[in-house]
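K.L.:
Starting from these lines, generate the structure:
(chains A, B, C and D)
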There are 2 protein chains.
Amino acid sequence: MSLSRTRIAPPADSDGARQRLVEAAAVLFAARGYEVATVRDIVASAGTNLNAVNYYFGGKRGLYQAVMAAEVERAHSFTAALPRAAAGDALELRLEQLVLRLLTFFVTRHSRLPRLAALEVVNPSPLFEQIAPSIHEAESAELRGIVAAALGRSATAESIDDGVRSVYSQCVYFMFMAESLQRSGSPVFANAAAVRRLARQISVFSLGGLQASRSSGGAP
Amino acid sequence: MSLSRTRIAPPADSDGARQRLVEAAAVLFAARGYEVATVRDIVASAGTNLNAVNYYFGGKRGLYQAVMAAEVERAHSFTAALPRAAAGDALELRLEQLVLRLLTFFVTRHSRLPRLAALEVVNPSPLFEQIAPSIHEAESAELRGIVAAALGRSATAESIDDGVRSVYSQCVYFMFMAESLQRSGSPVFANAAAVRRLARQISVFSLGGLQASRSSGGAP
DNA sequence: TTGACGTATAAACGTCCGTTTAATACAATT
DNA sequence: AATTGTATTAAACGGACGTTTATACGTCAA
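P.N.:
Here you go, the predicted structure:
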């Protein structure tokens, strides 16, 4: 039997290699940071050859760029599936739902983006300007609308910026602190109920803060 | 006079080299992070020989440890000199002064500690557990007292923790975002008046948030 | 069948890293 | 004057890094 002849050429890994590289690189970039993660470790984890990174991505930076693009897309499809309040709902509910969505984004392991973003924000790479705006477009606009509504007629551009930052900083805190909080065993990263409770606390706190800001900041 | 006898050994560079190493290393560790900052760049900046790091500190990690210790001490003496409200002052004033102190700590260039701490928190090193508590002992205790007072009789340990975190996260936000905010030209890092205004906004917002939490969280 | 092309593997290259070892200068001690 | 101990300099080591070059394999068109 001419087995050696008729045997169809195994498609080898084909495009599997490229995808496994992106996946393995995402894990290692997130775990150790761009500089410390080595190409050799990445290809070993992906089961490919050392040259594959240069062949497919032109180099380590190109692979990082591909990882970021893939993780941004993955995070977007995750965020899109989260529940959201209707525009006509009460302000309190809309804020709580938005905060819950932000917290869920920062705290769950849907993608490596929160971790990669924390590293980028604290230590921006040349890609930072390109990545930064694509993380939160929708959420920040929605938050801005809610804050403006809570501040009422006396809202100024500056007071809205202040309010957005005060609310947002309470959420993004968990992105930056993720590594430290998990070390100390914070329940937020494994317990969905804890996240919901946290969202309620932050939204109640923030709504009270915005109302206090209205009476204070508006009239000089 | 037996000058040659009584003359105390000229310290020559003596400890100068050691101190210059710590200073140069602090700058480079803060600018590039521990892994990326190289011993060769540090000794070049300090004007010493390559071997000096191992001679004085036993290695790169030892130098990093010395840098951290020096920066923690420097930051402490800076914080100690900041004005603080008296215990009998109004809650609003005490909170605003504390927030201003925290913001000033995070935003001004008294030492490299805020930057080094941001890197450590996002990417903890083996030294993290040793460094973390020594940054804020006093301030966090004071904040806890203020939050407890603002929450009043219905305060629980959990609601106090929540309030402390909500206030603190608005301040530490500037530590994490320092690099990014400075890139986008935020005035907070060069303008003392902007910091004072910010402290007022955060304290007003937070006091309102705490009052709202009091009526909400206390009675289940 | 042959040549070309896209892919995968292997080996080597040049560089930079932290660290080590050896050699030197100099003041204090014996 | 010889020696000891400390500080400084110089040179080299072994290894890891990202990247490049060379080579083999399999498919497809001519």
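K.L.:
Quick one: low-confidence residue ranges for chain A.
P.N.:
A:1-15, A:217-220 (pLDDT under 70).
K.L.:
How far does the lengthiest helix in chain A sit from its chain's centre?
P.N.:
With secondary structure taken from DSSP state H, chain A has its longest helix at helix A:192-217. Averaging C-alpha positions (C-alpha atoms, centre = their mean, to the nearest Å) puts helix A:192-217 22 Å from its chain's average.
K.L.:
same check, this time on stretch A:130-139
P.N.:
In terms of C-alpha atoms, centre = their mean, the centre of stretch A:130-139 is found 9 Å from the chain centre.
K.L.:
quick one, strands of chain A?
P.N.:
In chain A, no strands are defined using DSSP state E.
K.L.:
what are the ranges of the helices in it?
P.N.:
Secondary structure of chain A, counting by DSSP H: helices at A:3-6, A:16-32, A:39-46, A:52-57, A:60-80, A:91-107, A:113-122, A:128-131, A:137-151, A:157-176, A:178-183, A:192-217.
K.L.:
Alongside chain B, which residues does chain A contribute?
P.N.:
Proximity of chain A to chain B is confined to A:33, A:35-36, A:118-119, A:121-124, A:128, A:132, A:162-163, A:165-166, A:169-170, A:172-173, A:176-177, A:179-180, A:183, A:198, A:201-202, A:204-213, A:216-217 under the rule C-beta under 8 Å from any C-beta of the partner chain. In short, each C-beta sits where N, CA and C put it, glycine included.
K.L.:
and A:T38, how many residues sit next to it?
P.N.:
12 (other C-beta atoms under 10 Å in any protein chain shown).
K.L.:
Return the residues in contact with it.
P.N.:
With contact set as C-beta atoms under 8 Å, 6 or more residues apart in numbering or on different chains, A:T38 has no partners.
K.L.:
what's the answer for A:Q170, then?
P.N.:
Neighbouring residues of A:Q170 by C-beta under 8 Å, 6+ apart: A:V99, A:I202, A:F205, A:S206, B:R165, B:S166, B:S169, B:Q170.
K.L.:
Deepest in the core, which of the helices of chain A is it.
P.N.:
helix A:113-122 (a mean of 23; mean count of other C-beta atoms under 10 Å in any protein chain shown).
K.L.:
which residue is nearest the middle of chain A?
P.N.:
The residue lying closest to the centre of chain A (C-alpha atoms, centre = their mean) is A:P114, at 3.5 Å.
K.L.:
That one is in contact with A:T104, isn't it?
P.N.:
No: using C-beta atoms under 8 Å, A:P114 is not in contact with A:T104, being 10.4 Å away.
K.L.:
thinking again about what came up before, okay, the contacts of A:Q170 in JSON lines with distance to DNA strand D next?
P.N.:
What follows is these, written out as JSON lines (distance: C-beta to the nearest atom of the strand, whole Å):
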{"residue": "A:V99", "distance to DNA strand D": "38"}
{"residue": "A:I202", "distance to DNA strand D": "39"}
{"residue": "A:F205", "distance to DNA strand D": "44"}
{"residue": "A:S206", "distance to DNA strand D": "42"}
{"residue": "B:R165", "distance to DNA strand D": "37"}
{"residue": "B:S166", "distance to DNA strand D": "40"}
{"residue": "B:S169", "distance to DNA strand D": "34"}
{"residue": "B:Q170", "distance to DNA strand D": "37"}
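K.L.:
which of these lies closest to DNA strand C?
P.N.:
DNA strand C lies nearest to B:S169 out of those, by C-beta to the nearest atom of the strand, at 33.7 Å.
K.L.:
dump the residue contacts of the closest residue to that closest one other than its chain neighbours.
P.N.:
Spatially, and ignoring its direct neighbours in sequence, B:S169 is nearest to A:Y173 (3.7 Å; C-beta to C-beta, 6 or more residues apart in numbering or on different chains). Contact analysis of A:Y173 by C-beta under 8 Å, 6+ apart lists B:R165, B:S169, B:V172, B:Y173.
K.L.:
distance of A:Y173 from A:A199?
P.N.:
13 Å (C-beta to C-beta, to the nearest Å).
K.L.:
And A:N123, by the same measure?
P.N.:
In this view, A:N123 and A:A199 are 29 Å apart by C-beta to C-beta.
K.L.:
next one: A:R20
P.N.:
A:R20 is 36 Å from A:A199, by C-beta to C-beta.
K.L.:
now swap in A:A66 and tell me
P.N.:
A:A66 sits 33 Å away from A:A199, going by C-beta to C-beta.
K.L.:
Can you give me every residue that contacts A:A25?
P.N.:
By C-beta under 8 Å, 6+ apart, the contact list for A:A25 reads A:A37, A:I42, A:A46, A:L63, A:Y64, A:A66, A:V67.
K.L.:
at 7 Å instead, please
P.N.:
Neighbour list for A:A25: A:I42, A:L63, A:V67 [criterion: C-beta atoms under 7 Å, 6 or more residues apart in numbering or on different chains].
K.L.:
Out of these, which comes closest to chain B?
P.N.:
For those, the minimum distance to chain B (C-beta to the nearest C-beta) is 16.6 Å, reached by A:I42.
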